[in-house]
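kindly return the folded structure for what I paste below:
(one chain, ligands or ions: 2)
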Amino acid sequence: MEIFDYDHILLLPRKCRVQSRSECDASVEFGGRRFKLPVVPSNMKTVVDEKVCEWLAANGHFYVMHRFDLDNVAFVRDMKAKGLFASISVGIKPADVATIDQLAAEKLAPEYITIDIAHGHADSVRDMIRHIKAKLPESFVIAGNVATPEAVIDLENWGADATKVGVGPGKVCITRLKTGFGTGGWQLSALKWCARVATKPIVADGGIRHHGDIAKSIRFGATMVMVGSLFAGHEESPGRTVEVDGELFKEYYGSASDFNKGEYRHVEGKRILEPIKGKLADTLVEMEQDVQSSISYAGGKKLLDIRKVNYVILGGDNAGEHLLM
Ligand SMILES: NC(=O)C1=CN([C@@H]2O[C@H](COP(=O)(O)OP(=O)(O)OC[C@H]3O[C@@H](n4cnc5c(N)ncnc54)[C@H](OP(=O)(O)O)[C@@H]3O)[C@@H](O)[C@H]2O)C=CC1
Ligand SMILES: Nc1nc2c(ncn2[C@@H]2O[C@H](COP(=O)(O)O)[C@@H](O)[C@H]2O)c(=O)[nH]1
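Numbering: from 1, shown residues only. Ligands and ions are numbered 1, 2, ... in the order given. Reported below is the predicted structural model:
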C-alpha cells in the first residue's frame, strides 16, 4: 500500500476545457441537498455555534452543529422554525439515545445526524445507527470516525448513509502520541484505502492545512471534507479571543481536550491559538474560487472531474508518477 499525506502529493493538470474558472462548478450533492462547496466546518465548540450554523445553512453551505453543552432538540426546533435544514451531532450514550427519542416524539427529524465518537468502529455506533433509523428513518446518518476499510464496510452495512474517515490527523489532536493509533501523517492514503471499498459518500475529516488539500481529498475519494483549524480563527468563530503581544488570536481546542471535557480523563486533544484572519464569508468565497481553479486544472467543469487526474508522490519510498489505468 502507498503511504502518503497531503504534503506528499501533487495532482497533475489535464488540458483546460473552460474559458474562465467561473464556468467550473464547485458544488456537491450530499444527502439529498446541494451545497456550494464540498467543505464542512468541524462540529467543534471553537469552530461552530448556533449563529455560525444558521449563517452556513442560510447561505448554501453544509454544517454539523457540535454536541457539547447543547440542547440538540431546541437547536433542531429553532432551525426548523427559521425554515433551515437541521444537522446535529450525537454520541452513543443514554443521553444521546434520549435526544433521538425526544426528536422522534416531537416529530422533529433533523435532515442530518452525525454520530461522532473517537473510535467509531464499535458496536455502540451500530446500535445508535439502528436506533436512529428506527426512530427517525428520514434522517441522513453520517457515522464515524473510522480509519480502515473494514470499519467503512461495517458502518455502511449497519445502515450509515455516509462514513467519516480520520482518526488522529487533526491539528489539535494528540491521539497518535497518547495511543499509538490513527491516520495522522497518512490521512490522505487512508482515505484512498477506505474509498476503494466505500459504496456511500465519505467525509474526509482532519488534516486540511491548505485550500488545495480539498481537491486532493476529492481526488482520493471524499465527497465532503471536514475542516477545523482553517475555520477556527475567524471573527465569528466561537472560540475566546486572546491577545498576545498586540496580536489577536482565537482559541482552538480539541473536543477530547480537558478544555472541552472539563476534566483530565482520556484526554486526546490540546488547545492552540489561531491568528484571527477576517470574516468566514470571505474565506468561503476564496475556498470556492480555489476549488474552481482546481477543477479547471483537472481539465473539467464539475467537482468530480478532479477524480480523473493523475498524481505524483514527492520524495520518499513511494515517489513516482501514478497514472490512472
Ligand atoms: N477524530 C479523531 O481522531 C478524534 C476525535 N475525537 C472527538 O472528541 C469528541 C469526544 O469523543 P469521545 O470521547 O469518543 O466521545 P464520548 O465522550 O461521547 O464517548 C464515547 C463513548 O465510547 C466509549 N469508548 C470506548 N473506547 C473509546 C475510545 N477509544 N475512545 C473514545 N471513547 C471510547 C467511551 O467510554 P469511556 O469514556 O468510558 O472509555 C464513551 O462511552 C468527539 O467529538 C470526537 O469526534 C476524540 C478523539 C479522536
Ligand atoms: N484526536 C482528536 N481529534 C479531534 C479532537 N477534536 C476534534 N478532533 C478532530 O479534528 C478534526 C479537525 O482537524 P483539523 O486538522 O481540520 O483541525 C475534527 O473534525 C475532529 O475530527 C480531539 O480532541 N482529539
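
going forward, measure contacts between C-alpha atoms and count neighbours the same way
Fine.

pull the contacting residues for His175.
In this structure residue 175 is Thr, not His. 167-168, 181-182, 268-269 (CA atoms under 8 Å, 6 or more residues apart in numbering).

just the pLDDT at Glu321, thanks.
If you check Glu321, the pLDDT there is 66.

same thing with Arg196?
98.

from ligand 1, how far off is it?
With distances taken as CA to the nearest ligand atom, to the nearest Å, Arg196 is found 20 Å from ligand 1.

helix or strand right after the helix with the most length in the chain?
Secondary structure of the chain read by DSSP state H shows that its longest helix is helix 280-297. Taking DSSP states H and E as the definition, the helix or strand that follows helix 280-297 towards the C-terminus is strand 311-313.

off-centre distance for the longest helix of the chain?
17 Å (CA atoms, centre = their mean, to the nearest Å).

likewise for stretch 149-162?
On CA atoms, centre = their mean, the centre of stretch 149-162 falls 17 Å from the chain's centre.

give me the contact list for it.
Outside of stretch 149-162, the residues within contact range by CA under 8 Å, 6+ apart are 31, 121, 126, 129-130, 133, 140-143, 146, 163, 193-203.

so it, near ligand 1 or not?
No. For a cut-off given as CA under 6 Å from any ligand atom, stretch 149-162 has no contacts with ligand 1; the smallest distance is 14.0 Å.

report the buried residues of that stretch.
149, 151-153, 155-156, 158-162 (16 or more other CA atoms under 10 Å).

show the average pLDDT along it.
On average, stretch 149-162 scores 98.

quick revisit: now, the contacts of stretch 149-162 that are in helices?
Using DSSP H, these in helices are 126, 129-130, 133, 193-195.

point to the residue nearest the middle of the protein.
Met226 (1.8 Å; CA atoms, centre = their mean).

show the pLDDT at Asn260.
Note on Asn260: pLDDT of 95.

so it versus ligand 2, what's the distance?
For Asn260, the distance to ligand 2 (CA to the nearest ligand atom) stands at 8 Å.

doesn't that residue fall inside a strand?
No. Under DSSP: H, G, I helix; E, B strand; the rest coil, Asn260 falls outside any strand and is assigned helix.

rewinding a little: is any part of the host helix or strand of the residue nearest to the centre of the chain close to ligand 1?
For Met226, the element it lies in under DSSP H and E is strand 224-227. No. Applying CA under 6 Å from any ligand atom, one finds strand 224-227 out of contact with ligand 1, separated by at least 10.3 Å.

centre of the chain to that strand, how far?
Per CA atoms, centre = their mean, the centroid offset for strand 224-227 relative to its chain is 3 Å.

now the element after it, going C-ward?
Following strand 224-227 toward the C-terminus (DSSP H and E): helix 229-232.

check whether that next one comes near ligand 1.
No. Helix 229-232 lies out of reach of ligand 1 by CA under 6 Å from any ligand atom, never closer than 13.1 Å.

and the contacts of the host helix or strand of Glu54?
Element membership for Glu54 (DSSP H and E) is helix 50-58. Outside of helix 50-58, the residues within contact range by CA under 8 Å, 6+ apart are 62-65, 75, 79, 84-85, 236-237.

switch those over to TSV; also include secondary structure.
Output for these, formatted as TSV (three-state DSSP):
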residue	secondary structure
Phe62	coil
Tyr63	coil
Val64	coil
Met65	coil
Phe75	helix
Met79	helix
Leu84	coil
Phe85	coil
Glu236	coil
Ser237	coil
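
re earlier: neighbouring strands - and their directions - for the strand holding Met226?
strand 39-41 (parallel), strand 202-205 (parallel) (DSSP bridges).

out of those strands, which gets nearest to Leu70?
strand 39-41 (17.5 Å; CA to CA).

which other residues reach that closest one?
47-48, 61-64, 214, 224-228, 231.

same thing but at 7 Å, please
When contacts are defined by CA atoms under 7 Å, 6 or more residues apart in numbering, strand 39-41 is touched by residues 47, 62-63, 224-228, 231.

stretch 292-312 now?
For stretch 292-312, contacts defined as CA under 7 Å, 6+ apart pick out 9-18, 21-27, 215, 218-220, 320-324.

just how off-centre is it within its chain?
20 Å.

repeat that for stretch 108-125.
13 Å.

how long is that stretch end to end?
End-to-end distance for stretch 108-125, by CA to CA, to the nearest Å: 22 Å.

again, but for stretch 162-181
Across stretch 162-181, the terminal residues are separated by 23 Å (CA to CA).

may I see the buried residues of that stretch?
Buried-residue list, stretch 162-181, by 16+ other CA under 10 Å: 162-176.

from the residues you listed, which two are the most distant?
Going by CA to CA, the pair spanning the buried residues of stretch 162-181 furthest: Ala162 and Ile174, at 25.4 Å.

surely the residue nearest to the centre of the chain is in contact with Gly206?
Yes. When contacts are counted by CA atoms under 7 Å, Met226 is listed as touching Gly206 (6.3 Å).
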